[in-house]
Each structure stands twice: as structure tokens, then as C-alpha cells.
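**Student:** sequence plus the predicted model coming up.
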Amino acid sequence: MLSRLSPASIRRLSSTAKCCSDKNEPDFSDPKTLALHKMYRPERITPSKRGIDLLKSPGLNKGMAFSLHERQYLGVHGLLPPAFMTEEQQAYRIITKLRQQPDNLAKYIQLDSLQDRNEKLYYRVLCDNVKELMPIVYTPTVGQACQHFGFIYRNPKGLYVTINDNSISKIYQILANWHTEDVRAIVITDGERILGLGDLGTYGIGIPVGKLSLYVALAGIRPEWCLPVILDVGTDNTELLNDPFYTGLRRKRVRGPEYDTLVDNFMKAATKRFGRDTLIQFEDFGNQNAYRLLDRYKGEYCMFNDDIQGTAAVVVAGLLASTRVTKKKLSQEKIVFLGAGGAATGVAEMCVRQMMDEGLTEEEACGRIYMVDIEGLITTSRIKSLGERHVKFAKDLPDTKNLLEVVRTVKPGALIGASTVAGAFTEDIIKEMAKNNPRPIIFALSNPTSKAECTAETAYRCTNGAVLFASGSPFENVELNGKLFKPGQGNNAYIFPGVALGAVLFAVKNIPDKLFLLAARMVAEAVSEKSLNTYSRVYPRLKDIRELSVKIAVEVGEYCYRHDLATLHPKPEDMEMFIRQNLYSVEYDELINKTYEWPAKDSKHGFPVPVLRRTSMDEE
Ligand SMILES: NC(=O)C1=CN([C@@H]2O[C@H](COP(=O)(O)OP(=O)(O)OC[C@H]3O[C@@H](n4cnc5c(N)ncnc54)[C@H](OP(=O)(O)O)[C@@H]3O)[C@@H](O)[C@H]2O)C=CC1
Ligand SMILES: CC(=O)C(=O)O
Ligand SMILES: [Mg+2]
């Protein structure tokens, strides 16, 4: 266990201990105590920063919410306007200003600079307005922000590791330059497939930043534990190579052994620096690397590929919820996928697992799944050119690139798009789906909105409201024949925050595929009857994700303890309470006058809980 902590963490933990009361002080020579302390240390004790440095520290700054006592004690008195504001007032001021912005990109920029200035307030505003602001910090606006990144870049929010840094020691040094030592979750991309927008090189850094904002807002993971990383191996996007504001290396993408060594070196350096249990989420890697890297690392590291596994889980969740309306099991449906990349293949494979759990053989389950890629339907005549993952889905049918023809021949109950081809689900195709099914299932998963295979409005109109529709990016509600439809957002954001919360809190060794299937079932169960029957929405409300994440994290923890994958010991007696006690709070911390009182080791929940106690210096 001790080896999971970096030398820096151990040093810091020991020094934290010294500045605290020595009453009941834990025995840091015991590795388990040390690990528990890592988990339970108080968020902040009196900060080392003062004055203007404090105001420029986003993790500590409260702006005009600093009390008079804090202002005086921390050397910011006179540096701020003399009035005081509560956090609520500040949040109101921010959201009011945001709503006055002329467009979504302007809102993104305003929120981005708030995050640079005052992290708590940023998350407060985001958590209070999840439905309104998720489309800004996440898809679709984050895609637009990545495309314009050269113009809107202000402050670094993550680390850049380039192909020129290709050794463990150089990468370790870069990681050591990051301002926090206790990193527990990394989201990494190489920028090759940013949403459905293609190769955006280092402009893709917006994606790890956005995903990690959702770690905090949707799962309560502490922001100081989160690190966004971009691997810069060049870009094949000639427009970017000619863009005077491009922020990355001006060279074609490196591929092959040199690329693989960089990723290997990163994995080794990151786990050496931050601990073996550091979670590493792979995001928006290109088709030729996504599965390959997942297969290589999933048994060895605490990692997952969100586009493959997170997407698989959220789509299976939507399909399972839909079965409550169609009254058919998933194993009774035929499913056509447009797109056969990481996302579609991940979903197809998880559908097979679910169908097998429902009693089909693998062959029977694969037989119910039809995949269409850029070359058309995956058929037996193409077997020689297919990757091993696709062979099992090849059908003995005539070759065709015509999706309408595929839908006419197969008569699927579900049509799922992860192709990046906007409008590929034409009105004819949607009507054909409605002809064959009383309640057709149509998921247009491609992001951002401009890449969706069809709009919500087209789907409802062409099926006369019968469709069970979901999309990767949000669509407005649709009113048809006096009925209100609320399309669900079939996005991996229902899955990755909860899985990540469980992985970091229980310090898991690796994340088996089965966990994603369990998460899918939990999301499906969380869809209310009202959602399904009144609004035809096959996902829970976005504002329910935070609660869902806690439940998913409990499941992750229970599974990992059962399979000896959790390294936090002893196992907390009350898993849910343990998780809730470790959630990030969007309320400002008191920055002064806290001393640390060590609790009795045999406290009620089987682990020490820090108690923050006021001192005589407190103002009332
Ligand atoms: N809603 C969500 O939660 C998620 C949505 N997505 C979205 O899904 C999309 C795809 O992602 P991902 O699978 O990772 O990307 P990939 O690049 O791995 O796959 C894209 C797939 O689409 C196929 N394709 C491209 N053009 C056509 C066409 N004209 N006709 C048929 N098929 C075509 C490609 O075919 P070929 O293999 O022959 O090149 C490939 O199989 C993106 O827009 C992404 O944003 C991804 C993850 C999560
Ligand atoms: C949602 C997501 O992960 C994607 O579109 O890539
Ligand atoms: Mg993605």
C-alpha cells in the first residue's frame, strides 16, 4: 500500500501531521493508516498563500466572499472592494451575466475564466445549473471551443506532453511540474478524434478539461485530484498546421513504435509519480489506437476508454430502459449500427454480453447485430479486410452502402448512429423504422449537435411521436400534436463520473468490463416511469446524475472488494456514507482558524473521520 503513495505525498502527509494537534495522532509508520489518512485528510488548513497570491489561487480564492477576519488575517484587506458578498450572491451575479452573453462560445469563455479565478464558484454555478450549463462546458460547445482554441486560450488547464519528451524521466518531470501532488484521476487524449470533429491536435485539450469538470460537477470528485493531459504527437489537420495561432507541434502525426513508446512512457511515469491506483481515462483517441491501447493497458493499469466502455454502458442503459416500453427483451431485438468505430463496436459488444446474460449464445447474439461502416454493411464477402472485432458481426447478405436498404432488409427494432455523418438517418429511413415497429428505437449518438445522424424534431415528426429517441448532444424538447417529448441525452456522462468516483475512492487496481454493464443496468433502472411514459425519455434527468454517480460508485466498490481489486483497506463498513463523506463540496471552506483534531481510530464507521474545530481566534 505504501508503494501507492508518491514520495512527495508521503512527505506532505507527514508535514500535515506535524502542523496538527498531536492528540490521537495517527501512526504514519503503518501503511494502512497512511493510506486512510490520504483519503481523509481535511480539504484545507490555513493556506500557505497570502495577499495577492491568495487571490490568484483559484482553489482558494473567494473574491468578495472573504470575511473581514479572513481579509485581515490573510493579507487581502484593501485588495478587494470593501463590500462583502455571499457565495449565493456571487453565483447569482455569474449566472445573470452568463445569460446575457450573445452566444454559447462567449458563455464558455466566461466560465473558463471563472474557473481560472475561483474554482469553488465555478463548480457552484455549474452544479446549480447542470442542465443549462452542461451544453456549454461539454458537448456541443466544448467542440466549438476546441475548434477555436487558438483564439480563446488564456491559461493552461492541463499538461502538454509532446513526442519530444519521449522518456519516462522527462514525462515524470512534466508531471512533477503540475501544481498538485495528489492527482488521482487523469483524462488523456491525443486529439485525433475530438467528438465527431476529427483531428484537432492540441486544440483537443478542451475535451479532458470538460470531462474533468463533469467529474467534479456530476460525481463530486475533488478538482485538485484531477489532471487533464494532452499527448502532442503532431496533427494531420493541414488547416491547423497552417493556423498561425495553432498551439501544438507543427508536424504530421507520429505513428507506430515511437507513438506506442510515448504512451507506454506516459503510463509508467504517471503511475510512478501519482501512484499505481491513479485512474487514467482515455478519451477521443482515433480508431486505430483506441481499442489497441485499451486492450494493452486494461489489465495492467486502473484505466478505461470512455468512448468504448462508457458509451457502451450508456447506450445499453438506454436500450434496457426502452425494453420497458417495447415489452421486448434486448435479446429479441435486431440492432443496426451506422458506424463501426470505437463507440459503435463497444456498444455492440456490450449488447452481446447483455443478450448472452438473457440466454442467447454468443453466435446468436452477434447474429442480431448488423454493422455499417464507410464501406457499407459488414458482410461475409468483406471478411478478409475486416478487423477481428468485426468478423463475428459479418452477415451473409448482399453488399450494400445503402442504409435504407439495410433497414428494409433487416427490419431492426433499434437503429444506432455513431458515424459522425450528420443527417444520415433520413426521413425515409426513420419512416421505415416506424413502419416496422410500433415503438422504434433511434439513437443519434454522434457529437457535437452538428454531426447528429438526425435531429429530435425529425425523429418525432417522422414517427408521429412513436420513436424512443436519444442523442449524444442535447436537443430541445419537441411538441407534436399537443404532446411534449423530452429527448434524453445518450451520453457517456451518465457513466464515467460514477465509475471514476468508485475507482478513485477505493483505489482500484483495474476496471473490468463487467462494471460497465452493471453501471448500465443501474442507469436503466433509474429511469422513471414518468420519464418513459409521459415524455418518451429513456434516460434519467441530467440533474439526477450526481446521485446516480454515488450509487454507481458503491457498486464499483462492492464489486472491486469482492474481486480483490480495491486496495483501500479496511473496507469501509458503510460504503455509501464513506463516499458521501468524501464528496467535494461547492460551499466555500473556512480558510483560517481550523485546527485538526485526530479522531479515535475505532470511530463509528470503522475509519477515522477528521473533525475541524474552531479556535479562540474565530470570529462569530
Ligand atoms: N454519445 C456519446 O456518448 C458518444 C458519442 N460518440 C460520437 O460517436 C462518433 C463516432 O465516434 P467513434 O466511434 O469513437 O469514432 P471512430 O472514428 O472510431 O468511428 C467512426 C465510424 O464511423 C464510420 N463512418 C464514417 N463515415 C461513414 C459513412 N459515411 N457511412 C458509414 N459509416 C461511416 C467509420 O467507418 P470506417 O471504420 O470505415 O472508417 C467508423 O466506423 C463521434 O461523433 C463521437 O462524438 C462517441 C463516444 C460517445
Ligand atoms: C461524448 C464523447 O465522449 C464523445 O463524443 O467523444
Ligand atoms: Mg469522447
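**Tutor:** Arrived safely, thanks for sending. This structure is a prediction, so every number in the text was calculated from the model and none was measured. Residues are numbered from 1 along each chain as shown. Ligands and ions are numbered 1, 2, ... in the order given.
**Student:** for the rest of this, base every contact and every neighbour count on C-alpha atoms.
**Tutor:** Will do.
**Student:** give me the distance between the closest residue to ligand 3 within the stretch 501-620 of the chain and Val130.
**Tutor:** Proximity of the stretch 501-620 of the chain to ligand 3 (Cα to the ion) peaks at Phe516, 15.8 Å away. Per Cα to Cα, to the nearest Å, Phe516 is found 24 Å from Val130.
**Student:** comparing these two, which residue is more hemmed in?
**Tutor:** Phe516 (26 against 21; other Cα atoms under 10 Å).
**Student:** quick check: which element contains the more buried one?
**Tutor:** For Phe516, the element it lies in under DSSP states H and E is helix 513-525.
**Student:** what is the neighbour count of the closest residue to ligand 3 within the stretch 351-500 of the chain?
**Tutor:** Evaluated by Cα to the ion, the stretch 351-500 of the chain has Asn492 as its residue closest to ligand 3, separated by 8.1 Å. Other residues lying near Asn492 total 19 when counted by other Cα under 10 Å.
**Student:** mind listing what it touches?
**Tutor:** 306-307, 310-311, 313-314 (Cα atoms under 8 Å, 6 or more residues apart in numbering).
**Student:** out of those, list just those in helices.
**Tutor:** 311, 313-314 (DSSP state H).
**Student:** whatever helix or strand comes next after the helix holding Phe516 - contacts with which helices or strands?
**Tutor:** The helix or strand immediately downstream of helix 513-525 is helix 529-535, counting by DSSP H and E. Packed against helix 529-535, as judged by 3 or more Cα pairs under 8 Å, 6 or more residues apart in numbering; DSSP states H and E, are the following elements: helix 311-326, strand 483-485.
**Student:** one more time with 10 Å, if that's ok
**Tutor:** Contacts defined by 3 or more Cα pairs under 10 Å, 6 or more residues apart in numbering; DSSP states H and E place helix 529-535 against helix 311-326, strand 483-485, strand 488-489.
**Student:** so which of these is the most packed in?
**Tutor:** strand 488-489 (a mean of 28; mean count of other Cα atoms under 10 Å).
**Student:** after it, next one along is what?
**Tutor:** Taking DSSP H and E, what comes next after strand 488-489 is helix 496-505.
**Student:** and that next one with ligand 1, contact?
**Tutor:** No. Contact of helix 496-505 with ligand 1 (Cα under 6 Å from any ligand atom) is absent, the minimum separation being 10.0 Å.
**Student:** dump that helix to PDB, restricted to CA.
**Tutor:** Provided in PDB are the C-alpha atoms of helix 496-505 (Å, rounded to 0.1, in the frame of the first residue of the first chain):
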ATOM      1  CA  PHE A 496     -17.800   7.900 -16.400                       C
ATOM      2  CA  PRO A 497     -18.300  10.200 -13.400                       C
ATOM      3  CA  GLY A 498     -19.700   7.400 -11.200                       C
ATOM      4  CA  VAL A 499     -17.200   4.800 -12.400                       C
ATOM      5  CA  ALA A 500     -14.300   7.300 -11.800                       C
ATOM      6  CA  LEU A 501     -15.700   8.100  -8.300                       C
ATOM      7  CA  GLY A 502     -15.600   4.500  -7.300                       C
ATOM      8  CA  ALA A 503     -12.200   3.900  -8.900                       C
ATOM      9  CA  VAL A 504     -10.500   6.800  -7.100                       C
ATOM     10  CA  LEU A 505     -12.100   6.400  -3.700                       C
END
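**Student:** domain map for the protein?
**Tutor:** 51-85, 138-305, 310-563 (the TED database).
**Student:** make CSV out of those and add mean pLDDT.
**Tutor:** Listed next are the domains of the chain as CSV, based on pLDDT from 0 to 100:
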stretch, mean pLDDT
domain 51-85, 96
domain 138-305, 97
domain 310-563, 98
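**Student:** now distance to ligand 2 too, for those, in JSON lines please.
**Tutor:** JSON lines is the format used below for those (distance: least, Cα to the nearest ligand atom, whole Å):
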{"stretch": "domain 51-85", "distance to ligand 2": "27"}
{"stretch": "domain 138-305", "distance to ligand 2": "4"}
{"stretch": "domain 310-563", "distance to ligand 2": "5"}
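**Student:** need the helices and strands packed on helix 529-535 in a markdown table with distance to Leu360, can you?
**Tutor:** Formatted as a markdown table, the helices and strands packed on helix 529-535 follow (distance: least, Cα to Cα, whole Å):
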| stretch | distance to Leu360 |
| --- | --- |
| helix 311-326 | 16 |
| strand 483-485 | 34 |
| strand 488-489 | 29 |
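**Student:** what's the closest of the ones you listed to ligand 1?
**Tutor:** Nearest to ligand 1, of all those, is helix 311-326, at 4.8 Å by Cα to the nearest ligand atom.
**Student:** got the contact list for the next helix or strand after the closest one?
**Tutor:** Next along the chain after helix 311-326, taking DSSP H and E as the criterion, comes strand 335-338. Residues lying outside strand 335-338 but in contact with it, judged by Cα atoms under 10 Å, 6 or more residues apart in numbering, are 344-345, 347-348, 351, 366-374, 376-377, 403, 406-407, 410-421, 424-425, 441-444, 453.
**Student:** which of these count as buried?
**Tutor:** Buried residues within those, counting neighbours by 16 or more other Cα atoms under 10 Å: 344-345, 347-348, 351, 366-373, 376-377, 403, 406-407, 410-421, 424-425, 441-444, 453.
**Student:** near ligand 3, from these?
**Tutor:** Counting by Cα under 5 Å from the ion, nothing from those sits close to ligand 3.
**Student:** pretty sure Gly413 contacts Ile430?
**Tutor:** No. The criterion here is Cα atoms under 10 Å, and Gly413 misses it with Ile430 at 11.4 Å.
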